[in-house]
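Trainee: coordinates only, sequence not included:
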């Protein structure tokens, strides 16, 4: 499913690591490559839910702006760029309800920086709420090994009032729910959706 | 929004047209480029619904398998390929309900060939129905200048029983609804969703 950016076919090297060695100071990780570990585990959780007949949540492909295509070689794309996702990464259906969420991760141990959220995502989630959908964030703290489910409404309100540049962990703990971690599914967030939005 | 495949940045030429002139007989149009006219009008219709505060329907980006990325040049993708969409092109939320559909077009005037529907889309739409979502096809007949909304259930049943290799237009007319055409929105399909699925 998730297969970009990956090592080049020829060398098998991870281009991110190579670039990091080369020029650490100017490294900009491509949008499709941030927090891949956490993202993969969310994908596995969604696959588990699908296999168990619980819900259907799909990951939107990373949007790519294609500049050049070589049709003589089987429609090989020879020039393209990653674009910023104007929506969220995940959406789907659970008991007929529309579900929409974004999975984010941070290395901070005390807060989640709002700068990690593009304004388009705030607008998108505002629309989701407007049309009666269920919208939230899954926020993973690498340093704490903790993940929280937080209603999009809490994030949107904080984003607009912006008392601080980061969502404090205390607020996330107060308003959100700690996501149970396990083997299968890695992140069992769906019962929290039921609890927070459907009871 | 929809911007691939497009003309190359350098020449401004449309690579599809160029390829067509070059080798018409072996032309294979990339997945992202089929029925772009109809697709663009569906995108405009969805934008209209969003602007009017009616519903939120987004188009999933065309999935692309990235092989090589040049991080030294601002994460420029230098080798990639179009992948088959394993879901449908469109999904979203209307009055809290999950909506999922695929927009297809054909030059046939009498039927819609099932070969235009990848089996993954049949599986995806089967899941959508299983979890209580609203699922359908918008089928555009270029030769007739007519577009029909047809419940995914009708298509899935026909696909599985497969009495013929194409959905006859008569069946589409009998089970589906003709989508009204206009200036804004180009295809006013949402009232038909209300009528078919929510009444």
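Mentor: Alright, I've got the coordinates. Source: prediction; values computed, not measured.
Trainee: Could you report the pLDDT at residue A:37?
Mentor: Residue A:37 is assigned 89 on the pLDDT scale.
Trainee: That one - how many residues pack around it?
Mentor: Neighbourhood size, residue A:37 [other C-beta atoms under 10 Å in any protein chain shown]: 9. (C-beta placed from N, C-alpha, C; glycine too.)
Trainee: That one and residue B:166, how far apart?
Mentor: To residue B:166, residue A:37 is 46 Å away according to C-beta to C-beta, to the nearest Å.
Trainee: Kindly report the same for residue A:185.
Mentor: 41 Å.
Trainee: the more surrounded of these two?
Mentor: Using other C-beta under 10 Å as the criterion, residue A:185 and residue B:166 rank with residue A:185 on top: 22 against 16.
Trainee: Which helix or strand contains the more buried one?
Mentor: Assessed by DSSP states H and E, residue A:185 sits outside every helix and strand.
Trainee: Which residues are in contact with the closest residue to residue A:95 other than its chain neighbours?
Mentor: Excluding the flanking residues, the one nearest residue A:95 by C-beta to C-beta, 6 or more residues apart in numbering or on different chains is residue B:132, at 5.5 Å. Contact analysis of residue B:132 by C-beta atoms under 8 Å, 6 or more residues apart in numbering or on different chains lists A:93, A:95, A:96, A:97, B:98.
Trainee: which residue ranges form the helices in chain A?
Mentor: Assigned helices in chain A, in chain order: A:15-22, A:36-51, A:119-130, A:152-161, A:169-175, A:190-197 (criterion: DSSP state H).
Trainee: Would the longest one count as contacting chain B?
Mentor: This points to helix A:36-51. Yes: judged by C-beta under 8 Å from any C-beta of the partner chain, helix A:36-51 and chain B are in contact via residue A:50.
Trainee: Same question for that helix: list its buried residues.
Mentor: Neighbour counts using 16 or more other C-beta atoms under 10 Å in any protein chain shown place A:36, A:38, A:39, A:41, A:42, A:43, A:44, A:45, A:46, A:48, A:49, A:50 of helix A:36-51 among the buried residues.
Trainee: And the shortest one, by the same measure?
Mentor: Of the residues in helix A:169-175, those scored as buried under the neighbour-count criterion (16+ other C-beta under 10 Å) are A:169, A:171, A:172, A:175.
Trainee: Not counting that helix itself, show me its contacts.
Mentor: By C-beta under 8 Å, 6+ apart, helix A:169-175 touches A:109, A:110, A:111, A:112, A:139, A:141, A:144, A:148, A:150, A:151, A:154, A:158.
Trainee: which of those sit farthest apart?
Mentor: Across these, the longest distance by C-beta to C-beta is 22.3 Å; it joins A:109 and A:151.
Trainee: Tell me which of those two has more neighbours.
Mentor: More crowded of residue A:109 and residue A:151, by other C-beta under 10 Å: residue A:151, with 19 against 11.
Trainee: what about the residue nearest to that one when sequence neighbours are not counted, how many neighbours?
Mentor: Spatial nearest neighbour of residue A:151, excluding adjacent residues (C-beta to C-beta, 6+ apart): residue A:136 at 5.3 Å. For residue A:136, the tally of surrounding residues (other C-beta under 10 Å) stands at 28.
Trainee: same question, residue A:119
Mentor: Neighbours around residue A:119, by other C-beta under 10 Å: 11.
Trainee: Distance of it relative to chain B?
Mentor: Residue A:119 sits 16 Å away from chain B, going by C-beta to the nearest C-beta, to the nearest Å.
Trainee: residue contacts, that residue?
Mentor: Per C-beta under 8 Å, 6+ apart, neighbours of residue A:119: none.
Trainee: That one and residue A:156: what is the separation?
Mentor: Counting by C-beta to C-beta - residue A:119 and residue A:156 are separated by 11 Å.
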